[in-house]
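A.B. asks: Output the structure for:
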Amino acid sequence: MKTHCKIFETERLILREFNLDDASFIVELLNSPNWKKYIGDKNVNSLDDAAKYIQNSLLKSYKENGFGLSRVELRGEGTPIGMCGLIKRETLDGIDISFAFLPEYARKGYGFESAVAMLEYGKSVLKLKRMAAITVGYNLASIGLLKKLGLKFEKMIMIPNDDEELMLFGIDFGDEK
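C.D. replies: Next up, the predicted model:
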């Protein structure tokens, strides 16, 4: 069992870096109905696929950027319920805040709780001046959460290797006192 690098805790949650021990959870999350509907099929269908995804995407981001997507688990139980974190995308002005949860943990405030903490982490610890987010226009839950977090719709965009137009949201921290 590898050590787990905890990023922070909230009232109900622990956010920590993913590691290869999380492969079965990654298979479950990336094949959940909402992930496939709103994010897309990442072709992660086995533990081996998940290990490659963790290595080539999640661990790579931690190494190259010093941040990435975090495993969100219930505090006290250790039950993994989703992911929330930061992604550096060359095509976006600002670091992208992203989140996804298993269906049985949606609409319980976990997305908001983890994302508020992640925004604060980005602003205070990483000293980011701006954060962005992207979503498809029919993901009403994500749009609502982004607005609740204070991100503002900016424009419709296309990103490489995606054939769907996305909504771009952003928040600038430089304007706050």
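A.B. asks: Against L119, how distant is A133?
C.D. replies: Shown here: A133 relative to L119, a distance of 10 Å by Cβ to Cβ, to the nearest Å. Where you see a C-beta, it was placed from the backbone N, CA and C, and this is true even at glycine.
A.B. asks: shared neighbours of those two, anything?
C.D. replies: Both A133 and L119 are in contact with I97, where contact means Cβ atoms under 8 Å, 6 or more residues apart in numbering.
A.B. asks: between those two, which one's more packed in?
C.D. replies: Applying other Cβ atoms under 10 Å to A133 and L119 shows that A133 carries more neighbours, namely 27 against 19.
A.B. asks: Name the SS class of the more buried one, please.
C.D. replies: Going by DSSP: H, G, I helix; E, B strand; the rest coil, the secondary structure assigned to A133 is strand.
A.B. asks: Provide a list of residues in contact with it.
C.D. replies: Taking Cβ under 8 Å, 6+ apart as the criterion, A133 is in contact with 96-98, 142, 146, 151, 168-170.
A.B. asks: now the helices for the protein?
C.D. replies: Counting by DSSP state H, the chain forms helices over residues 23-30, 33-34, 47-53, 60-65, 110-120, 140-148, given from the N-terminal end onward.
A.B. asks: mind putting the contacts of A133 in JSON lines, neighbour count, distance to I81 and pLDDT included?
C.D. replies: Conversion of those to JSON lines gives the following (neighbours: other Cβ atoms under 10 Å; distance: Cβ to Cβ, whole Å; pLDDT from 0 to 100):
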{"residue": "D96", "neighbour count": "19", "distance to I81": "21", "pLDDT": "96"}
{"residue": "I97", "neighbour count": "25", "distance to I81": "17", "pLDDT": "97"}
{"residue": "S98", "neighbour count": "20", "distance to I81": "15", "pLDDT": "96"}
{"residue": "S142", "neighbour count": "22", "distance to I81": "16", "pLDDT": "96"}
{"residue": "L146", "neighbour count": "24", "distance to I81": "19", "pLDDT": "97"}
{"residue": "L151", "neighbour count": "21", "distance to I81": "22", "pLDDT": "97"}
{"residue": "L168", "neighbour count": "21", "distance to I81": "27", "pLDDT": "96"}
{"residue": "F169", "neighbour count": "24", "distance to I81": "23", "pLDDT": "97"}
{"residue": "G170", "neighbour count": "19", "distance to I81": "27", "pLDDT": "96"}
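A.B. asks: Could you point out which of these is nearest to F18?
C.D. replies: Using Cβ to Cβ, the shortest approach to F18 within the contacts of A133 belongs to S98, at 13.2 Å.
A.B. asks: Nothing else from me, thank you.
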